[in-house]
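Student: Need the 3D shape of this:
(one chain, ligands or ions: 1)
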Amino acid sequence: MRKMILILVVISSLATGGILAIMAADLGRYRPPTPAWFTGTTEDKVQKLGLIQPSYADLMLWNGIRLNELFAAGISGKTEYAKLQAKKIEETLEKAALVDPTRRGGIEGLLSANYPGLIQAIDSKRSDEFQAAFGKLYASCVTCHVNHGVPFYPLIPTTSISPITSGSLELWQEIQKHLRQEQEKKIQQEREKK
Ligand code: HEC
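Tutor: Residues are numbered from 1 along each chain as shown. As a prediction, the model looks like this:
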């Protein structure tokens, strides 16, 4: 009996080893190329890495896109997606504060004035509450822009770039229908062959 158990343990560990080896080989198939800047000392590399990180303006560009998506999602009742956008705006602003600590004050002001109220308004699933919270956030963005000599007013978005808020559910259902029909046709053909 003991021998049997020992043999079973050996066989199963061999099998596990085999599977792990296959997985490792799979992972080893793709290696991203080493970027050209990845040379020199660690200090050199960190410095170059710093230079190619998103700039303050790059991060702000994301905030603009996310503000757009937040609005589109909020007014169409896509609660989870709206909440994701609100949280990403918070994260992106915190990154901007790291990139330029001299402008941290405006970001902290915006975050404390709008969070967690904005998240609560989205969760309430009430259009009037969402719109009021969105309006307040929008005003905070613009106030900081005015204070920092970039007095541009992002316009209230009218179209979304995300398939989650602007995509067609009907088109998706149509594709699903075609796929189902194809599947059924195949099954029918198999049956006729027999
Ligand atoms: C700390 C103040 C501050 C806050 C808060 C702030 N911004 Fe900005 N924003 C700036 C500054 C400064 C610039 C210009 C950056 C540059 O050109 O280097 C900018 C630029 C932008 C740009 C233009 C980026 C480009 O290069 O095209 C957009 C879009 C933008 N912000 C959106 C937003 C949105 C949306 C919010 C609110 C969720 C927001 N910002 C909050 C300071 C702020």
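Student: Hmm, Ala113 and Lys136 touching each other?
Tutor: Yes: using CB atoms under 8 Å, Lys136 makes contact with Ala113 at a distance of 7.1 Å. (Each C-beta comes from the backbone N, C-alpha and C, glycine too.)
Student: Can you name the residues of this protein sitting close to the ligand?
Tutor: 56-57, 60-61, 63-64, 67, 89, 103, 106-107, 110, 137, 141, 144-145, 148, 150, 154 (CB under 6 Å from any ligand atom).
Student: Keep only those of the residues you listed that are in helices.
Tutor: 56-57, 60-61, 63-64, 67, 89, 106-107, 110, 137, 141, 144-145 (DSSP state H).
Student: Scan the residues you listed and report the most crowded one.
Tutor: Within those, most neighbours by other CB atoms under 10 Å means Ile89, with 25 neighbours.
Student: thought that one was touching Asn63?
Tutor: Yes: between Ile89 and Asn63 there is a contact under CB under 8 Å: 5.6 Å.
Student: picking up where we left off before, which one among the ones in helices among the residues of the chain next to the ligand gets closest to Gly50?
Tutor: When those are ranked by distance to Gly50 (CB to CB), Tyr56 comes first, at 13.2 Å.
Student: Tell me how many other residues crowd Val146.
Tutor: For Val146, using other CB under 10 Å, the count is 12.
Student: ditto for Ile119
Tutor: By the criterion of other CB under 10 Å, Ile119 has 16 neighbours.
Student: Now for it: which residues touch it?
Tutor: Lys83, Ala86, Lys87 (CB atoms under 8 Å, 6 or more residues apart in numbering).
Student: if we go to 6 Å?
Tutor: Ala86 (CB atoms under 6 Å, 6 or more residues apart in numbering).
Student: Let's test this: what are the backbone torsions at it?
Tutor: Note on Ile119: backbone dihedrals following degrees, to the nearest 10 are phi -60, psi -40.
Student: Any regions of this structure where pLDDT drops low?
Tutor: Scanning the chain for pLDDT under 70 picks out 1-27, 154-155.
Student: Please, where are all the helices along it?
Tutor: Counting by DSSP H, the helices of the chain are 2-27, 42-51, 56-75, 79-99, 104-114, 117-123, 127-147, 163-166, 169-193.
Student: Output those in a markdown table, with distance to Thr34 appended to each entry.
Tutor: Formatted as a markdown table, these follow (distance: least, CB to CB, whole Å):
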| stretch | distance to Thr34 |
| --- | --- |
| helix 2-27 | 17 |
| helix 42-51 | 11 |
| helix 56-75 | 24 |
| helix 79-99 | 26 |
| helix 104-114 | 35 |
| helix 117-123 | 41 |
| helix 127-147 | 39 |
| helix 163-166 | 34 |
| helix 169-193 | 40 |
